[in-house]
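K.L.:
Sequence plus predicted model, see below.
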2 protein chains.
Amino acid sequence: MTGKVPPKHRSGCPVSLALETIGDRWSLLIVRDMMVRGHRTFKQFQGSGEGIATNVLANRLRKLEGGGFIVGEADASDGRRVNYRLTEKGIDLAPVVLEILIWGARHEASGGAPCAAVDNMAKHREAMLAEVRRRWRERDATPLQAKSGEWSWP
Amino acid sequence: MTGKVPPKHRSGCPVSLALETIGDRWSLLIVRDMMVRGHRTFKQFQGSGEGIATNVLANRLRKLEGGGFIVGEADASDGRRVNYRLTEKGIDLAPVVLEILIWGARHEASGGAPCAAVDNMAKHREAMLAEVRRRWRERDATPLQAKSGEWSWP
DNA sequence: CCGGATCCGTTTCGATACTG
DNA sequence: CAGTATCGAAACGGATCCGG
């Protein structure tokens, strides 16, 4: 709290990239880990991002939750564990994440074709998106591996 | 100076979202303005973003240039004017920007269908991407309007 | 142990003023 | 017009501590 100043927001509808919410280095990384690696817990995010500080991670999770991208609910069998799930709004970020992955595989990996998984996702774009959507809708937050060998992920 | 600490960078190829470069609130906004509105100059960016500070804008332009997303070249007829152009690496961000636009039109505009332009782009996805690519390759950095009425932009 | 909260030094942001 | 200079405010990030 303590005086959260709202941003400028001058353009009404037309061209907002909505980067005020997800336009930072960590938020999309968290969403990516959820979608592609099936991560759900604080600990998992902590280990799979490129080393995010715990306070920053907590801050981002709360921000994503406040923005309606994810929801956090206590694990049924383990009270101390919190499971985060993607909402519809968060799931709809899948195409964005996928395109960034594709872009990164082409330009960031700085080479030929080091990442076969991304290549596979790009090939079966619609199928991959449908799979992500189905998984998170059904609360079956398992990683994206082993869909008849189409996608694999470290 | 004074100790520029390189980031962690532990994952080699597989899943880097490369958000270290474009993962902030302004960089993609600049790229979007170039792609969709045909902006090329400091002044244009200054007026079309949601009010970016001049020093931040200068910083982002240099960062994008250093990352190979854009190049800045002095205008032939006007020495003091600098024209920024998208490189291939920057042009390849078009799918990313488009997906974010689509996402934002659905979730951020918080309503039914306020933005027909984005809707049009989503419908003619490949054509729009091809058009962006062609324009910036040929140095004809005009806005995206008036492609037989398919896309229009404020 | 897990999911944070709190403190604290460093870095970056962002608004305004100013310069070539 | 296209940027710097400056400076307060915010965020980052590490380390450590806390509640369950």
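P.N.:
That came through fine.

K.L.:
Does the residue nearest to the spatial centre of chain A belong to a helix, a strand or coil?
P.N.:
Centroid-nearest residue in chain A: A:Val31, 1.2 Å away (criterion: C-alpha atoms, centre = their mean). Judged by DSSP: H, G, I helix; E, B strand; the rest coil, the three-state class of A:Val31 is helix.

K.L.:
give the contact list for it.
P.N.:
A:Ile22, A:Leu64, A:Phe69, A:Ile70, A:Leu86, A:Gly90, A:Leu93, A:Val97 (C-beta atoms under 8 Å, 6 or more residues apart in numbering or on different chains). Placement of C-beta: from N, CA and C, glycine included.

K.L.:
what about it, distance to A:Val132?
P.N.:
As for A:Val31, its distance to A:Val132 is 11 Å (criterion: C-beta to C-beta, to the nearest Å).

K.L.:
got it, and A:Gly47?
P.N.:
With C-beta to C-beta as the criterion, A:Gly47 and A:Val132 are 21 Å apart.

K.L.:
Those two: which is more packed in?
P.N.:
A:Val132 (23 against 12; other C-beta atoms under 10 Å in any protein chain shown).

K.L.:
Enumerate every residue touching the more buried one.
P.N.:
So A:Val132 contacts A:Met35, A:Val36, A:Ile91, A:Ala94, A:Leu144 (C-beta under 8 Å, 6+ apart).

K.L.:
ok, A:Asp33 - contacts?
P.N.:
A:His39, A:Gln44, A:Phe45, A:Ser48, A:Gly49.

K.L.:
Now the residue lying closest to it once chain neighbours are set aside. Its backbone dihedrals?
P.N.:
Leaving out its chain neighbours, the residue that sits closest to A:Asp33 by C-beta to C-beta, 6 or more residues apart in numbering or on different chains is A:His39, at 4.2 Å. Dihedral angles of A:His39 (phi, psi; degrees, to the nearest 10) stand at phi -70, psi 150.

K.L.:
Isn't A:His39 up against A:Leu57?
P.N.:
No - contact between A:His39 and A:Leu57 fails when scored by C-beta atoms under 8 Å: they sit 11.5 Å apart.

K.L.:
Spit out the residues that contact the two alike.
P.N.:
Contacts common to A:His39 and A:Leu57, judged by C-beta under 8 Å, 6+ apart, are A:Phe45.

K.L.:
These two - which one has more neighbours?
P.N.:
A:His39 (22 against 18).

K.L.:
residues touching the more buried one, list them.
P.N.:
A:Asp33, A:Phe45, A:Ser48.

K.L.:
Switch those residues over to CSV; also include pLDDT and distance to B:Arg137.
P.N.:
What follows is the contacts of A:His39, written out as CSV (pLDDT from 0 to 100; distance: C-beta to C-beta, whole Å):
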residue, pLDDT, distance to B:Arg137
A:Asp33, 92, 35
A:Phe45, 95, 40
A:Ser48, 84, 37
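
K.L.:
can you tell me which of the residues you listed lies nearest to DNA strand D?
P.N.:
Distance to DNA strand D across the contacts of A:His39 (C-beta to the nearest atom of the strand) is lowest for A:Phe45, with 12.9 Å.

K.L.:
And the helix or strand in which the closest one is found, what does it pack against?
P.N.:
Under the criterion of DSSP states H and E, A:Phe45 resides in helix A:42-48. Where contact means 3 or more C-beta pairs under 8 Å, 6 or more residues apart in numbering or on different chains; DSSP states H and E, helix A:42-48 is packed against helix A:27-37, helix A:54-66.

K.L.:
does that helix come close to DNA strand C?
P.N.:
Yes - interface with DNA strand C: helix A:42-48 contributes A:Phe42, A:Lys43, A:Gln46 (C-beta under 7 Å from any atom of the strand).

K.L.:
which of these are buried?
P.N.:
For the residues of helix A:42-48 next to DNA strand C, a neighbour count by 16 or more other C-beta atoms under 10 Å in any protein chain shown gives the buried set as A:Phe42.

K.L.:
Distance of the nearest residue to A:Ser48 once chain neighbours are set aside relative to A:Cys115?
P.N.:
The shortest distance from A:Ser48 to any non-neighbouring residue, by C-beta to C-beta, 6+ apart, is to A:Asp33 (5.1 Å). For A:Asp33, the distance to A:Cys115 (C-beta to C-beta) stands at 16 Å.
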